[in-house]
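Student: A predicted structure for the sequence below; I have some questions about it.
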Amino acid sequence: MLDVLIVGAGPAGLYAADRISAKGYSVLVVERLPSPARKFLMAGRGGLNLTHSEDLDDLKHRYREAEHFLAPMLDAFAPEDLRRWCHDLGEDTFIGSSGRVFPQKMKASPLLRALLRRLERNKVTLQTRWTWTGITLDGTSQFISETGAEHRIRARATLLALGGASWPRLGSNAAWVPALEKHGIEIRPFKPANCGFRVAWSQHLTDRFAGAPLKRIRLNLGTNTVSGEALLSEQGIEGGAVYALSAEIRDALEQTGTADLRADLKPQMPLEKLVARLSAGRGKQSLSNFLRKAAGLSAAEIALLRENGQIPDNPDALARLIKSVPIAVSAPYDIDRAISSAGGIALEEVGENLMLEKLPGVFAAGEMLDWEAPTGGYLLQACFSMSERASNGILEYLNTGKETETA
């Protein structure tokens, strides 16, 4: 009988295949798409942000409500452990100026190729173009191939690493939900995370400034503040600073129907200095030229001011608007445009080693579970840390012969 079946060839699934096959166990990885790690490769196109170098306690806080659940796994497999694993594959990493950690070659493809070569040496089998449709209590998984043929695979232990609900064209479509709900497993509704938000811009703004960046701004939502960049789009606003606040914005919209999102267009300039510069008067300059020269605003930022009605003549009122521009977000972008997703298998459904309590011998890791984190390396770090925990759980399960007790 096959020792371990891994369903899903993303980072969590492939890392587990590496760990478990190194111990001499037979491993089959099944992937729905024609090739592995599609989302991983897409995430790494502009530079693969693997993890973050900040203090581990600070890093744990990034996981919000799931911090208590993930903290032991992050302790056991921390960013330095992930970097050592990459080094062992022949792909060294470095810490960028922001504290983020990247492979020296920046891209995801060299790291993936090195991992796939090692899996091949360890005799891991990769089966693509099969879709997982469910599992029985005796550990038999059902699949359907792209030709419509049905397949049944029984393994001593199974790891489900099927992803969440974001970027469905890259594999994470949450089609697995009914198969687990059938066994009474609670699945929390999926929600977009690290996403943009819809704003009912004027036609003028969308015609002229869709795609325009807002650089070096600060976004505020209550006591939550993030500095960075954003991007105006036809649908609304997106970009790094927005993604970092997306959970708080989404929650505010769900709870009250509104979110008091504000943009400080000149965070580096104190209010008093900005008032003084605006008090010089614009003379014969157009308002746009005056704002460009006196306040250093771009055309897109000036358009953002105009979205809130007539721009004040009073220097104090104008400065306060520039330092706190309301952005009337109405809803998150659809989940298929989100970088990641919240929701999934309720954390109470898995044990300490990530085995599903209602399906002995079946483990789950990665975005299938109900947690979320901002971009910046935190998403991948958690996936790898969970995969390490699940791998150890599977090895212990096999070594103690527990699978024979539940067969």
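Tutor: Looks like it arrived, so ask away.

Student: so what's the residue nearest to residue 318 when sequence neighbours are not counted scoring on pLDDT?
Tutor: Take residue 318 and drop its neighbours on the chain: the residue closest to it by C-beta to C-beta, 6 or more residues apart in numbering is residue 312, 4.6 Å away. Quick note: C-beta positions are derived from backbone N, CA and C, even for glycine. pLDDT for residue 312: 91.

Student: thought residue 312 was touching residue 319?
Tutor: No. Between residue 312 and residue 319 there is no contact under C-beta atoms under 8 Å: 9.0 Å.

Student: how near is the residue nearest to residue 318 to residue 349?
Tutor: 54 Å (C-beta to C-beta, to the nearest Å).

Student: tally of neighbours for the residue nearest to residue 318?
Tutor: 16 (other C-beta atoms under 10 Å).

Student: ok, residue 213 - how many residues close by?
Tutor: Residue 213: 15 neighbours (other C-beta under 10 Å).

Student: Same check on residue 348?
Tutor: By other C-beta under 10 Å, neighbour count at residue 348 equals 10.

Student: what sits against the residue nearest to it when sequence neighbours are not counted?
Tutor: Leaving aside its chain neighbours, residue 348 sits nearest to residue 186 (7.3 Å; criterion: C-beta to C-beta, 6+ apart). Counting by C-beta atoms under 8 Å, 6 or more residues apart in numbering, residue 186 makes contact with 345-346, 348-349.

Student: Can you pull the phi and psi angles for the residue nearest to residue 318?
Tutor: Note on residue 312: backbone dihedrals following degrees, to the nearest 10 are phi -60, psi 150.

Student: counting residues per strand, which one in this protein is longest?
Tutor: Of all segments of type strand in the chain, defined using DSSP state E, the longest is strand 150-160.

Student: can you list contacts of that strand?
Tutor: Contacts with strand 150-160, where a contact means C-beta under 8 Å, 6+ apart, come from 1-8, 13, 16, 28, 30, 130, 132, 135, 138-145, 176, 361-365, 368, 390-391, 394, 397-398, 403.

Student: Among these, which are located in helices?
Tutor: 13, 16, 390-391, 394, 397-398, 403 (DSSP state H).

Student: any idea which of those is closest to residue 269?
Tutor: Distance to residue 269, by C-beta to C-beta, is smallest for residue 13 among those, at 48.3 Å.

Student: my guess is that closest one contacts residue 384, does it?
Tutor: No. Checked against C-beta under 8 Å, the pair residue 13 and residue 384 is beyond contact range at 11.1 Å.

Student: still on that earlier bit, report the mean confidence score over the longest strand of the chain.
Tutor: Here the average pLDDT along strand 150-160 is 97.

Student: what about the helices in the stretch 301-407 of the chain?
Tutor: Under the criterion DSSP state H, counting those that start in this stretch, helices of the stretch 301-407 of the chain are mapped to 315-323, 378-399, 402-406.

Student: Done for today, thanks.
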